[in-house]
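Participant: Need a 3D model of the following:
(one chain, ligands or ions: 1)
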Amino acid sequence: VADTFSALERSRIMALIRSGDTKPELLVRRLLFSLGYRYRLRPANLPGKPDIVLPSQKAAIFVHGCFWHLHGRCRGGRLPGSRIEYWGPKLIGNRERDRANRRRLARGGWRVLVIWECQAQDPKRLLAKVRTFLSERQHSA
Ligand SMILES: [Zn+2]
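Facilitator: Modelled structure (predicted):
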């Protein structure tokens, strides 16, 4: 991952990480705040109620639990071995709904970033990802 942060930003980020709670949503919210972005949480008028929305950037961020949203490339996102007849349709349904929501947002001109719970294990990388997503806005649409 390219290091896109300045020295000042990097020291702020290290402070965020050291501040204890590494839940991805909180980390992302603190980063956005420290960079001067203003955001809203789970607006009911948008498809899927994205966890964090930056209206001025037309950017929506979902923070997904690997199990509930069936993260494809991770251990936490595997279908459970037992009661598959119950969990299978439920979790696959969640994933389908997530996809539909992302499509609806994109059709409405929103850019969407999905952050997976497992990515909080590498907070620096997580924050770099958010940063890249926000700085790419002028190249999309
Ligand atoms: Zn995962």
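Participant: going forward, measure contacts between C-alpha atoms and count neighbours the same way
Facilitator: Noted.
Participant: what does this structure put close to the ion?
Facilitator: Residues of the chain lying close to the ion by CA under 5 Å from the ion are 66, 74, 118.
Participant: what distance separates stretch 103-111 from the centre of its chain?
Facilitator: Chain-centre distance of stretch 103-111: 15 Å, with CA atoms, centre = their mean, to the nearest Å.
Participant: Kindly present the residues of the chain next to the ion as TSV, with separate columns for distance to residue 11.
Facilitator: Listed next are these as TSV, based on distance: CA to CA, whole Å:
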residue	distance to residue 11
66	29
74	30
118	23
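Participant: Which among those residues count as buried?
Facilitator: Among the residues of the chain next to the ion, those classed as buried by 16 or more other CA atoms under 10 Å are 66, 118.
Participant: For the chain, which segments count as helices?
Facilitator: 7-18, 24-34, 84-107, 123-135 (DSSP state H).
Participant: OK, contacts around the residue nearest the centre of the chain?
Facilitator: Geometric centre of the chain, nearest residue: residue 115, 2.8 Å, by CA atoms, centre = their mean. Listed by CA atoms under 8 Å, 6 or more residues apart in numbering, the contact set of residue 115 reads 24, 61, 62, 63, 64, 126.
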